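K.L.:
Fold the following and give me the result.
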Amino acid sequence: MRTSTLDFLGRRYVVGPAAEELLGRRREWMLWLPWAAMAAMGILQYGFGSLVPALVERGWAPVDVFWLLALWTVFQAGAGFPVAFLRERGRIGPRSAMVAGAVLLLLGPLALAQGSYVVALLGYSVLSGTGAGLVYATCSSTVAKWYPERTAAKVSIVTGAFAYGSVPFAMAFLFTVDGGPLVPMLTVSALLVFVVVLAAGVVLRDPPANWWPPDVDPREWALDGHRVSAVRQYTPREAMRTPVAPLMYLILFCASAVSLFDITFLATLGARLDVALFVVAIGTGLLLSTNGAGRALAIRVSERLGRTRTLGWVLALLGVGQLCLASAATTGSVTVLLLATLLAGIGGGAFYPLFASLVREYFGDQSPGARQTHAAVYSAKAFGGVLGVGIAAVVVPGWGFPAVFMLAAVLAVASGALCLKLRQPGRFLGLPRQRVAS
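P.N.:
Residues are numbered from 1 along each chain as shown. Modelled structure (predicted):
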């Protein structure tokens, strides 16, 4: 049975039917299948830093190797907006997007396994980067549609898997520099990513537009005093014309540059300090696991402290992590290095779901362009990859790791300070958050 209702802000909800009637299974399937796909796909981004020493041993210039990931990030983040545009207009469904993404992702590790840099550039950076953007955007949006009453918490679980799912492979890749089987490992990675993403994709489905689970009253849910709702539904163009959207873009650009720098250069830093390989592996595991797990934790904390306050603290923690990394790079202390990976990991991933939540709360979550607005803000990661990976690879040899980590600390702390200027558009000071009519 399906009924339509409005809340006091004029938002429409289509209540029911239950997920079991629509899917033939519980809606948890629409959470854990995207989770599995994201966990497998994360190997391509979060495992790349561990591959850098082995790829350099081939004879490729270090700067060229790092630019492979920088460009991968450009295509991964850049694919979000067109995917959201096509998804919201019904031009592409979750199944077709995931199948196409699985095929493109397969080409990434296989291209790296070859000896040609041009093949790696096309297959890994361009094609698998685009595939990753397809899968990331599809998984996030599908989970959000099936969990409209708990979007932030559920999406953070899925995006967190993007980081911590790569831990076993990222740690294993480190040992390829000592004669480990690089080509077989990349081939196995390619097949694993392809099979998991494809298997998840053939099952994924979208619910009806504005679907709401029948066991939750949407009007009571909307009246929760702790929940922030947009004063109206903004189009992407309207959102980007507000002062807050470009500010969010700038903050995400700085934060993503710092985070990508950390996950990409940790293995190189360990080799430069001549740290034992197992120590680098432990640090890699800490950095990536906390990067992923910290996302769900940050959402839970933000529901008590508020999104912007939590975001500011997360970025401050990221900045402290950079100071510790600068200290480790200077002193060679293993203890400081491991502490730094813990702090940088927590701060380096938690800001992503916080931004996604802020975009929904500031600009709405029911208009056809709502997910396009988030994709537009998220595209700042593309430029963050250029700065934090590509340009960083150029300056690190001349400046040294301590100086670059100090600059990263400044960027992280400055972006955290800018969070103090984030204000919900259209909200007048002194008026209650939930009582402004659209």
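
K.L.:
if I look at Val258, how far off is Ala40?
P.N.:
From Val258 across to Ala40, the span is 26 Å (CB to CB, to the nearest Å). In short, each C-beta sits where N, CA and C put it, glycine included.

K.L.:
Looking only at neighbour counts, state which of these two leads.
P.N.:
Val258 (30 against 26; other CB atoms under 10 Å).

K.L.:
Go through the helix or strand that that one is a member of and flag the buried ones.
P.N.:
Secondary structure from DSSP states H and E places Val258 in helix 244-273. Residues 244-245, 248-249, 251-271, 273 are the ones in helix 244-273 that count as buried (16 or more other CB atoms under 10 Å).

K.L.:
again with stretch 119-126
P.N.:
For stretch 119-126, by 16+ other CB under 10 Å, it's Ala120, Leu121, Gly123, Tyr124, Ser125, Val126.

K.L.:
which SSE is the first one in?
P.N.:
Ala120 is located in helix 117-120, with elements delineated by DSSP H and E.

K.L.:
average pLDDT for that helix?
P.N.:
pLDDT averaged over helix 117-120 equals 97, rounded to a whole number.

K.L.:
Which parts of the stretch 101-250 of the chain are helices?
P.N.:
Remark: helices assigned in the stretch 101-250 of the chain by DSSP state H, counting those that start in this stretch are 117-120, 129-146, 151-164, 167-173, 182-201, 218-222, 236-241, 244-273.

K.L.:
Please work out the angle formed by the directions of the third one and helix 244-273.
P.N.:
Inter-element angle recorded for helix 151-164 and helix 244-273: 20 degrees (by axes from the mean of the first three to the mean of the last three CA atoms, to 10 degrees).

K.L.:
Provide the contact partners of helix 151-164 at residue level.
P.N.:
31, 34-36, 38-39, 41-42, 45-46, 136, 139-140, 143-144, 147, 288-289, 291-296, 298-300, 302-303, 349, 352-353, 356-357, 360, 365 (CB atoms under 8 Å, 6 or more residues apart in numbering).

K.L.:
same thing but at 7 Å, please
P.N.:
Defining contact as CB atoms under 7 Å, 6 or more residues apart in numbering, one finds that helix 151-164 is touched by 31, 34-35, 38-39, 41-42, 46, 139-140, 143-144, 147, 288-289, 291-293, 295-296, 299, 349, 352-353, 356-357, 360.

K.L.:
buried sites along it?
P.N.:
151-152, 154-164.

K.L.:
That one versus helix 129-146: what angle between them?
P.N.:
Angle of helix 151-164 versus helix 129-146, following the same axes, to 10 degrees, is 150 degrees.

K.L.:
what is the rounded mean pLDDT of helix 151-164?
P.N.:
On average, helix 151-164 scores 95.

K.L.:
possible to save the buried residues of stretch 119-126 as TSV with distance to Gly283?
P.N.:
Formatted as TSV, those follow (distance: CB to CB, whole Å):
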residue	distance to Gly283
Ala120	26
Leu121	29
Gly123	29
Tyr124	24
Ser125	26
Val126	30
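
K.L.:
ok, back up a step: pipe the helices of the stretch 101-250 of the chain into a markdown table and attach distance to Cys419 per row.
P.N.:
Converted to a markdown table, these look like this (distance: least, CB to CB, whole Å):
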| stretch | distance to Cys419 |
| --- | --- |
| helix 117-120 | 37 |
| helix 129-146 | 22 |
| helix 151-164 | 17 |
| helix 167-173 | 29 |
| helix 182-201 | 34 |
| helix 218-222 | 26 |
| helix 236-241 | 18 |
| helix 244-273 | 6 |
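
K.L.:
which stretch in these has the least confidence?
P.N.:
helix 218-222 (a mean of 81).

K.L.:
list the buried ones in that helix?
P.N.:
Pro218, Ala222.

K.L.:
same thing with stretch 399-408?
P.N.:
Phe401, Val404, Phe405, Met406, Leu407, Ala408.

K.L.:
Hmm, the third one is touching Leu325, no?
P.N.:
So the one you mean is Phe405. Yes: using CB atoms under 7 Å, Phe405 is in contact with Leu325, at 4.6 Å.

K.L.:
Nearest residue to Ala344 in space, please, no chain neighbours.
P.N.:
Gly321 (3.1 Å; CB to CB, 6 or more residues apart in numbering).

K.L.:
Oh, that last question was meant for Phe383, not what I typed.
P.N.:
Closest residue to Phe383 apart from its sequence neighbours, by CB to CB, 6+ apart: Phe253 at 5.3 Å.

K.L.:
repeat for Ala298
P.N.:
Ala350 (3.5 Å).

K.L.:
ok, now Val65?
P.N.:
Val65 sits nearest to Leu55 (CB to CB, 6+ apart), 4.8 Å away.

K.L.:
all strands of this protein, in order?
P.N.:
Taking DSSP state E to define them, one finds strands in the chain at 3-6, 12-15, 211-212.

K.L.:
Make JSON lines out of those and add mean neighbour count, mean pLDDT and distance to Val377.
P.N.:
Listed next are those as JSON lines, based on neighbours: other CB atoms under 10 Å; pLDDT from 0 to 100; distance: least, CB to CB, whole Å:
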{"stretch": "strand 3-6", "mean neighbour count": "12", "mean pLDDT": "70", "distance to Val377": "28"}
{"stretch": "strand 12-15", "mean neighbour count": "18", "mean pLDDT": "81", "distance to Val377": "25"}
{"stretch": "strand 211-212", "mean neighbour count": "21", "mean pLDDT": "91", "distance to Val377": "25"}
